[in-house]
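**Student:** quick one: sequence and predicted model below, then my questions.
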Amino acid sequence: MPLPVRPPSPAAPRDVTRSESQGELREERMGHPKTDRSKPEDPRTDSTEEAVSGITKRTPNSLCGYLHKLGGPLRSWKSRWFTYKARKCQLFYYRTPQDPNPLGHIELADATFGFPLQADEGTFHIQTPERTFILKAKNREAMMYWLQQLQQKRWQHRVPAQVCGYAQAVGEQAAPGGCADVNFLPAVKTPTILVGETAATLPAVKQRGTLSNVSFKHPLTEIQNSVHSLRLSLSSQEPTQSTFPWEDVLPPPEEAGTLATLRDSILPVQPESSFDQKSSCPSPSLPSSFSLSPSLSLRSRKKKRGLSATMTADQQKASAADRTSRLQQQVHLLSEEVKAQKELVWLLHKALEAAQQEKRTCVQFLSAEGEQERLELLQSQERHAANLGARLEALHSQKEALHKSLAQRDAHVAELQEHVQLMMERNQAKQEVILKLSEQVAANTAITNGVAAETPGQPQEEIENLKDDIEAYKLQNNFLNSEIYQLTNLWRKSSEQEKSLMVKCAYLEARSCQAESRYLAVLRKLQETKGLDQGEREAVRRLVEEALQGDAKDHLKLDPIREHDDYGFKIIPDYEVEDMKLLARIQALEIRSHNLLQQESGDKTSEARWAQYLGGRPSGELTPSPELKVLLRGGVPPSFRPRVWRWVVRMRTHSHRVRQPGRYRQLCKKGQASQHPAARQIQLDLHRTLTSNERFSSPTSPALKQLHRILMAFSWQNPTIGYCQGLNRLAAIALLVLEDEEEAFWCLVAVVETIMPQDYYSKTLIASQADQRVLKDFMAEKMPRLMAHLEEYSVDVSLVTFNWFMVAFVESLASDILLRVWDAFLYEGTKVLFRYAMAIFKYKEEDILKIHDTIEIYQYLRFFTKTISDGRKLTSIAFHELNPFPMRLLRNRRAQHLERLQADQLELERVQQEFVEENSESIQHTDKELDAVASEDDDA
């Protein structure tokens, strides 16, 4: 007997849409409705209500018929009438078709089906989470029809929007747009005499005992059904009430002979006298309307003539009906697409209205003349903030419910995967058994051919039995394959729904972060407004405190923002001043919003592109190309970044490594043997390296020891530079990403000796000064308004940008943006530093132009890089809006400024030399005069 697999019951996903009237969020259930198993619905109720209302649906092809059910205290077979209820996906069973109340039901939504090979013919099992039902059909064909129909009904209930091609295998037409047609089992012709409403006209199979077919487990139901049957037999004036409309299910004339034969084989033959005496009363085993009256026979003949007359026309119109159905399906799909587009336009329109409303509110507040008007506007904003808080709480509760649903779905998926694996193993075992049986059949065939003359009877019979067993195993194997296929489709659909829920959760949380960020920005603007009186300032201060405290209580508990990223950098910067704390909170919310909106689209797309690019290349064998350049500018995913950086560093330091193999180990030994003059400065700067990174924050951190060895080795590698402040940060970044001490050393060598110009880290820093002048020239060309504004207030940008270039933006930008800058910087060189430096000023140009005080401008420039959260926008500005940016122009201007600085340096050295010479001559002349005076004093 195959092990049945119980498919999980995935929680219905929730579609979160926006109400068109009030802009509220409502939850709609998608998928099948949740069944109330405690109170199963009687399938007779709907038909009764429809009969009362005058609208009765006739479904002659409904799934119903007689089956034997194994049950009772004696475990005996009892004949039961089974009928399927599509609304609840339940199979109800009765003693007779005329009974109004069912004896019980079987839940099919979470059931699995199977049939044993060693049992009686037609026996099959329905296993539910509660119990296993053992049923038996009249023959194997009827059994396979029931199993296929039950599989189809379960699939239609679980996935109502699709009808799998599996329906075509059982002789029904699948709905357009369904699953692919996969025929595991041969098509079984519908046994119209044994199943369907036609079978209700036949009497139940006679049992040996009088009470053998009575259900002692449900005595009350049996009494009610018996009373109902008695009332029907006594009521001669009214038509007999039964479960099915008998007039519509009379067998057609071509099946009348077969039906009569079957009825004669089931019913005992009665004498004519008995029939004449009881002809006025209907048989208790048959419905009262089953007696063929003249009017009924006439109606049947008319129905037959109408059917034969219209049969040809139906066949002629079949192709036209098919085309019409396909066109209607296309129209339906296009209508759904137009509806979705309209909804998207409506959402965008609402967002635009919200932005315009916010803009009008700010303009009204700024243009308000009296204190009373501003106070009223502030109160309005407070009410709006309270509404936003209520909506945020609703979103939080909704997200908790979604998380619970996802946890349940994960558990179901895990259970489903285990069952699928077990079914595949059993399927493999069945295949092996089939192969062994095939070999045995071949061997027996050979033996039979050799001794056919001697023993023609017994071996041939054994061979036939083996062939029957093989066919049975094949049929069972095909059935198991169909079961696995359906379970796999259900699991795949559950996974897709889970991904959709994750995207919706991320979108809702991002919108919540954006709303809270805008609210805090309004509070910050109000805090900076100078026209507020003492009471208003106190109210604003109280709102700011509540916002900062409420974050720790509410938002962080639901989905906390991580304090450090994957590389150990602190995500939220530390500010000691109160308004800076508010700014840090705004920045953290913006970063969180951008990450949530990009994690399901941008990050996965970038990772897929990198995986495709690196898939066919061995590690360390990349080649420079325009495609690689574009990928590096977009950023390398963290999973591929160490590999890509390692390749770039090896490409730039290949000649050094070839000339000096094992160079790093030699330098480490040399550093241990002798003391370098820069060792003391290295030790002092060691504990000031990346203090916001958790991997360098502890004095006993292993990363600090590795960094010390790297800097000491470089001081011996390049005696001209030795050590310069800033090299510790470059080496620390390389160590965090590459996670290898020697590779980080060579990355530092590549940056200082091959990427940066010569004398960039020398004592004079002449190359660094030249780059600052080149940057000012480019900013004057690309951003003339900003440079004119800075010159008006005598602001020198090199006081801020000089450190950017020395350490390649380390500790100036957020960690994710910083590493994206380094991805392109290691490959393209210093041109990337100029692009991003100008992109930062372009990103914040409008904010800087609003400041009209020199001190405030310097204060803003001191931390404004930390407020940049949209890395994609900054990259777009750097590599698209600032074009053209040729490297040849950069080299020419760098050479010009370097030449001028060298001339200025020579002139300065000449002046210093003249000063030293004049000073030495003056000192010598003074000494001679002092000596002469001293000698005269001695003579006196």
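**Tutor:** Perfect, thanks for sending it.

**Student:** can you classify the nearest residue to Thr691 once chain neighbours are set aside by secondary structure?
**Tutor:** Nearest residue to Thr691, sequence neighbours excluded (CB to CB, 6 or more residues apart in numbering): Ser697, at 6.4 Å. (Each C-beta comes from the backbone N, C-alpha and C, glycine too.) What DSSP: H, G, I helix; E, B strand; the rest coil gives for Ser697 is coil.

**Student:** go on, Glu694?
**Tutor:** coil.

**Student:** which phi and psi values does it adopt?
**Tutor:** Glu694 adopts backbone torsions of phi -70, psi -20, taken as degrees, to the nearest 10.

**Student:** for it, the count of nearby residues, please.
**Tutor:** 16 (other CB atoms under 10 Å).

**Student:** show me the contacts for it.
**Tutor:** Going by CB atoms under 8 Å, 6 or more residues apart in numbering, Glu694 touches 564, 568, 570.

**Student:** could you dump these to a markdown table with pLDDT?
**Tutor:** Formatted as a markdown table, these follow (pLDDT from 0 to 100):
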| residue | pLDDT |
| --- | --- |
| His564 | 70 |
| Gly568 | 78 |
| Lys570 | 72 |
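
**Student:** let's see if you can find the most crowded of those residues.
**Tutor:** Highest neighbour count within these: Lys570, with 18 neighbours (other CB under 10 Å).

**Student:** how much space between it and Ser815?
**Tutor:** 8 Å (CB to CB, to the nearest Å).

**Student:** next one: Arg785
**Tutor:** Separation of Arg785 from Ser815 (CB to CB): 31 Å.

**Student:** again, but for Asp771
**Tutor:** For Asp771, the distance to Ser815 - CB to CB - is 24 Å.

**Student:** now Ser335
**Tutor:** From Ser335 to Ser815 the distance is 48 Å (CB to CB).

**Student:** before we move on, what about Gly722?
**Tutor:** For Gly722, the distance to Ser815 equals 29 Å [CB to CB].

**Student:** again with Glu741
**Tutor:** Distance of Glu741 to Ser815, given as CB to CB: 21 Å.

**Student:** which one of the contacts of Glu694 sits closest to Glu373?
**Tutor:** Closest approach between the contacts of Glu694 and Glu373, by CB to CB: Lys570, at 42.5 Å.

**Student:** show me what the helix or strand harbouring Lys776 is packed against.
**Tutor:** Assigned by DSSP states H and E, Lys776 falls within helix 766-782. Other elements packing on helix 766-782 under the criterion 3 or more CB pairs under 8 Å, 6 or more residues apart in numbering; DSSP states H and E are helix 784-792, helix 798-807, helix 831-843, helix 887-939.

**Student:** ranking those by burial, who's on top?
**Tutor:** Of all those, helix 831-843 carries the top mean neighbour count, a mean of 22, counting by mean count of other CB atoms under 10 Å.

**Student:** name the residues of stretch 215-235 that are buried.
**Tutor:** 215, 218, 221-222, 225, 228-229, 232 (16 or more other CB atoms under 10 Å).

**Student:** contacting residues around the closest residue to Glu107 other than its chain neighbours?
**Tutor:** Closest residue to Glu107 apart from its sequence neighbours, by CB to CB, 6+ apart: Thr128 at 5.2 Å. Counting by CB under 8 Å, 6+ apart, Thr128 touches 6, 106-107, 110-111.

**Student:** okay, Thr128 and Phe115: tell me how far apart.
**Tutor:** 16 Å.

**Student:** could you do Lys399 as well?
**Tutor:** With CB to CB as the criterion, Lys399 and Phe115 are 45 Å apart.

**Student:** so the two - more neighbours on which side?
**Tutor:** Phe115 (23 against 17).

**Student:** skipping adjacent residues, who's closest to the more buried one in space?
**Tutor:** Phe115 sits nearest to Phe124 (CB to CB, 6+ apart), 3.9 Å away.

**Student:** burial count for Cys89?
**Tutor:** 22.

**Student:** what about the strands in the stretch 301-450 of the chain?
**Tutor:** In order along the chain, the stretch 301-450 of the chain carries no strands (DSSP state E, counting those that start in this stretch).

**Student:** and the helices in it?
**Tutor:** Under the criterion DSSP state H, counting those that start in this stretch, helices of the stretch 301-450 of the chain are mapped to 318-367, 371-450.

**Student:** most packed of the ones you listed?
**Tutor:** Comparing the helices of the stretch 301-450 of the chain by mean count of other CB under 10 Å gives helix 371-450 as most buried, with a mean of 14.
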